[in-house]
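Undergrad: From the sequence below, what's the structure:
(one chain, ligands or ions: 1)
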Amino acid sequence: MRINFNQLDRGYLKYKAEYDAAAIQVLESGWYILGQRGEKFESEFASFLGSEYCVGLNSGLDALVLSFRALGIGPGDEVIVPANTYIASMLGISENGATPVFVEPDEYYNLDAAKIEEKITKNTKAILVVHLYGQAANMKWIKEIADKNNLYLVEDCAQSHGARFDGRMTGTWGDIGCFSFYPTKNIGAFGDAGAIVTDNVEIYEKIKMLRNYGSKVKYHNDILGVNSRLDEIQAALLTVKLSHYTELMIEREAIAHAYLTGINNSCVLLPVIREKAEHVWHLFVVRVMNRAAFVDYLSKNAISTQIHYPIPPHLSKAYEYLGHKDASFPITEEYAKSVVSLPLFEGMTQEEIWHVIQTINSYGS
Ligand SMILES: Cc1ncc(COP(=O)(O)O)c(C=O)c1O
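TA: Next up, the predicted model:
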């Protein structure tokens, strides 16, 4: 038995008839961009989260870039961001000419609220919180800090569709929630797609204009915009996936539960769940001391793994210009050296789950 890290075709096959019908309806409709399917998805996604408005976009990165643009954040401004995240979080800030200011993570891999205030300066305009791997960050505390310091709060929910903190959905705590529907995400499209949600009508109107060349009325371009529209096929397919998302969350939770209760090897540090936080298990990330040996052992036992992420953004070539050196963010760097993501995907069989658990439990013995 070979276990891939992910197998997207299984997710497709599960609701194949519905996906096929939805795509064909769009093809036959003769209307492919900015139409009723996009509006339907936006309205259903907003109500799933309990948000007032949603704007469908091209990607999760565009959701971040256009959010900071809509908030007027640019050169000279600083935005607090967790050092331990995917580089797209930072790119949303630097693409607008603003500076990402990194903060170390806590033991749940998310922004450590206790370390935010020491990084706030007169130039700080916003906090970007990321709910990494599917677990909500400590939103009550982070929102209090944002409110007290008069900062915008933006949430990167690329990995946290449907995750809550203290009963409230991620994406609805801040001024704007940014989502990616990249195919591997929990609500994944069949191509690139993203969205923002907000309760603020001005932000909503502005991002709607930004995504369509800065226009509200065709060929009346009032602001400098881009092309970042969610197409009708992706919107129709996403509507199907959203309609099944409760079942899909239960499925992910069951796999995570099997790992959490079944993996019993002192070499492997399991993820922990924060009080009041809900985890939607976008990724099941463990930590091991000698990662290369562990990954090699699993690979020899036909189990594929991935690393999220091997190079922390502050040490990437892209952000060399910020001048951070090795050991600037030791917790983040330690995580980057020891994290391993185990297979967890829609349609994973019991046999596959058990094979992963038993293989890990035999490691080092
Ligand atoms: C935390 C995080 N933010 C942003 C993104 C960007 O999303 P996209 O790939 O849709 O641009 C991703 C995923 O790739 C992500 O994992």
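
Undergrad: can you give me the helices for the stretch 151-300 of the chain?
TA: 201-210, 232-243, 245-262, 291-300 (DSSP state H, counting those that start in this stretch).

Undergrad: most packed of those?
TA: Each of those was scored by mean neighbour count; the highest is helix 232-243, a mean of 23, by mean count of other Cβ atoms under 10 Å. All C-beta spots, glycine's among them, are computed from the backbone N, C-alpha and C.

Undergrad: Let me know the pLDDT of the closest residue to residue 191 other than its chain neighbours.
TA: Closest residue in space to residue 191, ignoring its immediate chain neighbours: residue 234 at 5.7 Å, by Cβ to Cβ, 6 or more residues apart in numbering. For residue 234, the pLDDT comes out at 98.

Undergrad: Residue 234 contacts residue 181, correct?
TA: Yes: between residue 234 and residue 181 a contact is recorded at 7.3 Å, counting by Cβ atoms under 8 Å.

Undergrad: Could you name every residue contacting both of the two?
TA: 189, 192, 193 (Cβ atoms under 8 Å, 6 or more residues apart in numbering).

Undergrad: what does the stretch 101-250 of the chain put close to the ligand?
TA: When proximity is defined by Cβ under 6 Å from any ligand atom, the stretch 101-250 of the chain lies next to the ligand at 130, 156, 158, 159, 180, 182, 192, 194.

Undergrad: ok, so of the residues you listed, who is nearest residue 22?
TA: Of all those, residue 192 has the smallest distance to residue 22: 17.6 Å, by Cβ to Cβ.

Undergrad: mind listing what the closest residue in space to residue 32 that isn't next to it in sequence touches?
TA: Counting by Cβ to Cβ, 6+ apart, residue 232 is the residue found nearest to residue 32 once chain neighbours are left out, at 5.1 Å. Residue 232 is in contact with 26, 29, 31, 32, 33, 34, 35, 37, 38, counting by Cβ under 8 Å, 6+ apart.

Undergrad: same deal with residue 175?
TA: 71, 152, 153, 154, 198, 200, 203.

Undergrad: ok, now residue 129?
TA: For residue 129, the contacting residues are 82, 110, 111, 137, 139, 142, 153, 154, 155, 156, 174, by Cβ under 8 Å, 6+ apart.

Undergrad: what's the closest non-adjacent residue to the second one?
TA: What it means is residue 110. Counting by Cβ to Cβ, 6+ apart, residue 110 lies nearest to residue 137, which is 3.9 Å off, once chain neighbours are set aside.

Undergrad: what does the third one give?
TA: Spatial nearest neighbour of residue 111, excluding adjacent residues (Cβ to Cβ, 6+ apart): residue 82 at 4.1 Å.

Undergrad: What's opposite the one you found in the beta bridge?
TA: Beta-bridge pairing for residue 82 (DSSP bridges): residue 103.

Undergrad: Point me to the residue of the chain nearest the ligand.
TA: The nearest approach of the chain to the ligand comes at residue 60, 2.4 Å away (Cβ to the nearest ligand atom).

Undergrad: How about the contacts made by that residue?
TA: Residue 60 sits in contact with 88, 156, 158, 178, 179, 180, 181, 182, 185, 194, where contact means Cβ under 8 Å, 6+ apart.

Undergrad: Apply 7 Å and report the result again.
TA: By Cβ atoms under 7 Å, 6 or more residues apart in numbering, the residues touching residue 60 are 88, 158, 178, 179, 180, 182, 194.

Undergrad: State whether the first one and residue 63 are indeed in contact, as I suppose.
TA: No: with contact taken as Cβ atoms under 7 Å, residue 88 and residue 63 are classed as non-touching, separated by 9.6 Å.

Undergrad: Which residue of these two possesses the greater neighbour count?
TA: Looking at residue 88 and residue 63 with other Cβ atoms under 10 Å, you find the greater number of neighbours at residue 63, namely 32 against 22.

Undergrad: doesn't residue 5 fall inside a helix?
TA: No: Residue 5 is assigned coil when assessed by DSSP: H, G, I helix; E, B strand; the rest coil, not a helix.

Undergrad: hey, where'd the helices end up in the stretch 1-150 of the chain?
TA: All helices of the stretch 1-150 of the chain, identified by DSSP H, counting those that start in this stretch, fall at 8-14, 16-29, 36-49, 60-70, 87-94, 139-148.

Undergrad: can you put these in TSV and add mean pLDDT?
TA: Output for the helices of the stretch 1-150 of the chain, formatted as TSV (pLDDT from 0 to 100):
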stretch	mean pLDDT
helix 8-14	97
helix 16-29	98
helix 36-49	98
helix 60-70	98
helix 87-94	98
helix 139-148	98
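
Undergrad: Just name the most buried of those.
TA: Per-stretch averages of neighbours, counted by mean count of other Cβ under 10 Å, single out helix 60-70 among these, with a mean of 27.

Undergrad: tilt between it and helix 87-94?
TA: Orientation of helix 60-70 against helix 87-94 (axes from the mean of the first three to the mean of the last three Cα atoms, to 10 degrees) gives an angle of 20 degrees.

Undergrad: Please name the residues that touch residue 185.
TA: Counting by Cβ under 7 Å, 6+ apart, residue 185 touches 158, 159, 161, 282.

Undergrad: can you list the weak-confidence ranges in the stretch 101-250 of the chain?
TA: Within the stretch 101-250 of the chain, no stretch has pLDDT under 70.

Undergrad: tell me the centre residue of the chain?
TA: With distances taken as Cα atoms, centre = their mean, the residue of the chain nearest its centroid is residue 158 (1.9 Å).

Undergrad: For residue 205, see how far away it is.
TA: 24 Å (Cβ to Cβ, to the nearest Å).
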